[in-house]
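Asker: This is a predicted model, with the sequence first.
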Amino acid sequence: MTNMTQTQSPITQEHIDFYQENGFVQVDNMLSPEELAELREYLEEAMQTEGDLSQSTDKKGGLYYRVLNQKVNLWRDHAGMGKYSFHPRFAASALALTGASGIRFFHDHGLWKMPGDSKATPWHQDTPYWPINEAQAGMMSLWLTLDDVNEDNGCMAFVPKSHKLGKLTGIDFLNPQNIFDYVDGGQSEEHKPVIVPLKAGSCTFHNGLTFHYAHSNVTDKPRRVLAIIFMPDGVTFNGKSHPVTDGCGLQAGEPIKGPLFPLLANADA
Ligand code: SIN
Ligand code: NI
C-alpha cells in the first residue's frame, strides 16, 4: 500500500474472481495511514456540520437513527469529502471488480452506527431502494470503515452468491421482514452468511443484489463508515422519487449522468 498511487487500484485477479462469484469482496488497506487520518477529520466535520445540500435521514432520538446515523451527499457540502468520494483509486477498483465499461458516481453517504440502544441493520439488498431500471446491471457499494469493526460495533455480514437470486422486495429497516422468506428453500446451509471484521482503512465492495447485514454497536463509540455507491455507465432512471435524483430534472428512461453523477473511471482510459 505504501507505494500505491492515486489511481492505482489494489484489486487483484483474485479479488475480481471472488467478487464475481460471491457478490462481495474484502479489500484490506484501501487507505494509507495518512489518508485515513485525513478522511476521519473530513468525515467528522461533514457529519457534524449542517449543510444545505447534504441530507440526514433521521435526527438523534429517531427510530432510524438507532439503526443508522446516515447522511447522504456529503461531497456536495464538503470539498474534502469530494476528494475521497471521487477518489480515482476507489472508482478504478469498482471498474476492475464489475468489469463495466465505465463507472459513474451515484452518491456517497456517511453510515455511522451510534452507541446507545443500537439496532442491527437488517438483512437486505440495496437495489430495491434505487431509482434505476437495470436491476441486474452491476450497481455496487464501497463500504470503507474508519474504525476497526467486529461483531461488537457493527461489522458487516454477507450471504455469498445471493446476488444471483435476483431483485427481491425492499426491506423495512424499522420493522424488518425476514429476507430469507423470499428465497426458495428459506435460509438453508447454502445461504450461510460470512461475517467480515475489518481494520480501519480497509473496505468491502458489494453488489447491489447481495444480501448484507450489520451488527448492532454495543460499544461506547460510533462506528464510522463512508459508503459510496457506484453505477456502471448507462444505467437508466426509472422515474421514481429518490432523495438523490429528486429535482435533478431526469426523465424516466434517461441514462443517469451529468455533473452530479460524474464518470469517474473508464475502461478506455
Ligand atoms: C451499515 O453500514 O450498517 C449498512 C450498510 C449497507 O447497508 O450497505
Ligand atoms: Ni445496504
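Answerer: Nice, I can see it. Numbering: from 1, shown residues only. Ligands and ions are numbered 1, 2, ... in the order given.
Asker: Count the neighbours of the closest residue in space to His206 that isn't next to it in sequence for me.
Answerer: In space, and not counting its chain neighbours, His206 is closest to Phe24: 4.1 Å by C-beta to C-beta, 6 or more residues apart in numbering. C-beta here means a position set from N, CA and C on the backbone, and glycine is covered the same way. By other C-beta atoms under 10 Å, the residues close to Phe24 number 28.
Asker: Can we start the residue count at 14 from this point?
Answerer: Fine by me, first position is 14 from now on; the one you just mentioned is Phe37.
Asker: wouldn't Phe37 be in contact with Thr217 here?
Answerer: Yes - Phe37 is within contact range of Thr217, at 5.7 Å (criterion: C-beta atoms under 8 Å).
Asker: Take the top strand by length along the chain, keep the C-alpha atoms, and write them as CSV.
Answerer: Longest strand of the chain, by residue count under DSSP state E: strand 115-126. The C-alpha trace of strand 115-126 is given here as CSV (Å, rounded to 0.1, in the frame of the first residue of the first chain):
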residue,chain,number,x,y,z
GLY,A,115,-17.3,2.9,-17.2
ILE,A,116,-18.1,3.7,-13.6
ARG,A,117,-20.3,6.6,-12.5
PHE,A,118,-20.7,8.1,-9.1
PHE,A,119,-24.3,7.8,-7.7
HIS,A,120,-24.0,9.1,-4.2
ASP,A,121,-21.9,8.9,-1.0
HIS,A,122,-23.2,8.6,2.5
GLY,A,123,-21.8,8.6,6.0
LEU,A,124,-23.1,5.5,7.7
TRP,A,125,-22.5,5.7,11.4
LYS,A,126,-23.8,3.2,13.8
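Asker: What helices and strands are in contact with it?
Answerer: The criterion is 3 or more C-beta pairs under 8 Å, 6 or more residues apart in numbering; DSSP states H and E, and the helices and strands that strand 115-126 contacts are helix 46-61, strand 82-85, helix 92-98, helix 101-111, strand 236-245, strand 276-279.
Asker: then the last one to CSV, C-alphas only?
Answerer: Listed in CSV are the C-alpha atoms of strand 276-279, where the atom choice follows Å, rounded to 0.1, in the frame of the first residue of the first chain:
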residue,chain,number,x,y,z
LEU,A,276,-18.0,9.4,-14.9
LEU,A,277,-15.0,8.5,-12.6
ALA,A,278,-13.4,5.6,-14.4
ASN,A,279,-13.4,4.4,-17.9
